[in-house]
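*Asks:* what would the 3D arrangement of this be:
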Amino acid sequence: MPSPPAAGSISFVTPQIGWMLGGPGGDKLWATDNGGMSWQERYTAVPENAKGCQRKYDQLAFSEVKEGILTASVDCLDHSYVIDYASHNGGQSWQINSLVEEESASRGGAISTISGTHAIHVLMFPKNIVMIQMPEGTSSPTLPPEMWPNGSVTRAVFVNNNYGWLLYTSGQCAEFKSKCSQQSELLSTTDGGNTLVRITPEILVNLNTRLSSTGLNNKQPSESQIGGRRVLTQPRESVRSTRRKPSHVFDSYCK
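*Replies:* Numbering: from 1, shown residues only. All right, here's what the predicted structure looks like:
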């Protein structure tokens, strides 16, 4: 089997028809119709006001064999764009479905996700305001108050126009480049992004279950803060007390 082109992500619509995004700059698109035995490069148009800029493909999905959506981010010297491409002939050709210029106040760039037959874009703004762009309109919810400021949305997934999840990450340092910690939170929406709710699972490190067979689980775990999350830890004495001497080995030598 020949080596495939330099790739980032690979997805197959059928066992024979597949797509590949990647290349050194992330700006290449390939297709296969024989299960990956060979790949052909596919091309998309560049808008006039985005020519000479750096383009990178983000996501590709087909709702049916003929119906596909492709998203790309474009970085220019003084502005950035998000492009949505649509194909109605199985990827033989791609048309620009929408071109959105990112606002200069946004942080971290736009995060794109594909839901069904369209793309959804998420941008982060100061004061913990999120902008969620859908074909039906734009919502601008505020993050829950317990979120740290100056963060960014690093991933977004929507199963439809109402239900979706965002991964929000932020960091802060008590001193200059030292004593730093990071907060990563999972947020959900059930109303198309009008409201966001924190649903991050609590991290529980409890050794009581592990030590139950030894009878050493009578110590109460203590609570500490690690990276913005509450963590339960077993007292050190209980952990040390599990290190028993292999007396049966010594007994065999003494007999």
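
*Asks:* C-alpha only now, for contacts and for neighbours.
*Replies:* OK.

*Asks:* tell me the strands beside the helix or strand containing Leu99, with direction?
*Replies:* Assigned by DSSP states H and E, Leu99 falls within strand 95-101. Counting by DSSP bridges, the strands paired with strand 95-101 are strand 80-87 (antiparallel).

*Asks:* quick one: average pLDDT of the strand it pairs with?
*Replies:* The average pLDDT within strand 80-87 is 89.

*Asks:* per-residue pLDDT of Ser104, please?
*Replies:* For Ser104, the model assigns a pLDDT of 56.

*Asks:* give me every residue that touches the residue nearest to Thr32 when sequence neighbours are not counted.
*Replies:* Spatially, and ignoring its direct neighbours in sequence, Thr32 is nearest to Trp39 (4.7 Å; Cα to Cα, 6 or more residues apart in numbering). Contacts were defined as Cα atoms under 8 Å, 6 or more residues apart in numbering; by that measure Trp39 touches 4-5, 30-33.

*Asks:* try 7 Å
*Replies:* 30-32 (Cα atoms under 7 Å, 6 or more residues apart in numbering).

*Asks:* filter these down to the ones in strands?
*Replies:* 30-32 (DSSP state E).

*Asks:* please identify which of those is nearest to Pro24.
*Replies:* For these, the residue nearest Pro24 by Cα to Cα is Trp30; the value is 13.5 Å.

*Asks:* ok, the closest one touching Gly22?
*Replies:* No. Taking Cα atoms under 7 Å as the definition, Trp30 is not a contact partner of Gly22, at 8.5 Å.

*Asks:* list residues touching both of the two?
*Replies:* Overlap of the contact sets of Trp30 and Gly22 (by Cα under 7 Å, 6+ apart) is empty.

*Asks:* now the helices for the chain?
*Replies:* Residue ranges of the helices in the chain, as given by DSSP state H, are 208-211, 236-240, 247-254.

*Asks:* tell me where the model's unsure across this protein.
*Replies:* Within the chain, the set of residues satisfying pLDDT under 70 comprises 1-4, 6-7, 103-109, 203-255.

*Asks:* mind checking the end-to-end distance for stretch 112-124?
*Replies:* Using Cα to Cα, to the nearest Å, the end-to-end distance of stretch 112-124 comes to 12 Å.

*Asks:* what sits up against that stretch?
*Replies:* 59, 61, 63, 69, 84, 106-107, 109-111, 130-134, 152-153, 156-160.

*Asks:* can I get stretch 46-60 in CSV? Just the C-alpha atoms.
*Replies:* Only the C-alpha atoms of stretch 46-60 are listed here, as CSV (Å, rounded to 0.1, in the frame of the first residue of the first chain):
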residue,chain,number,x,y,z
VAL,A,46,-10.1,31.5,-2.0
PRO,A,47,-12.1,34.7,-1.5
GLU,A,48,-10.7,37.8,-3.2
ASN,A,49,-10.2,39.6,0.1
ALA,A,50,-8.4,36.5,1.6
LYS,A,51,-5.9,35.9,-1.1
GLY,A,52,-2.3,36.0,0.0
CYS,A,53,-3.3,34.9,3.5
GLN,A,54,-2.6,31.7,5.3
ARG,A,55,-5.5,29.2,5.2
LYS,A,56,-5.9,26.1,7.3
TYR,A,57,-8.6,23.5,7.0
ASP,A,58,-10.3,22.7,10.3
GLN,A,59,-13.1,20.2,9.9
LEU,A,60,-14.9,18.2,7.3
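
*Asks:* mind listing what's buried in it?
*Replies:* 50, 55-60 (16 or more other Cα atoms under 10 Å).

*Asks:* next one: stretch 135-153
*Replies:* Applying 16+ other Cα under 10 Å to stretch 135-153 flags 138-143, 147-149, 151-153 as buried.

*Asks:* restricted to strands, list these.
*Replies:* Among the buried residues of stretch 135-153, the ones falling in strands (DSSP E) are 138-139, 152-153.

*Asks:* dump those to CSV, plus distance to Asn194.
*Replies:* Output for these, formatted as CSV (distance: Cα to Cα, whole Å):
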residue, distance to Asn194
Thr138, 9
Ser139, 6
Ser152, 18
Val153, 16
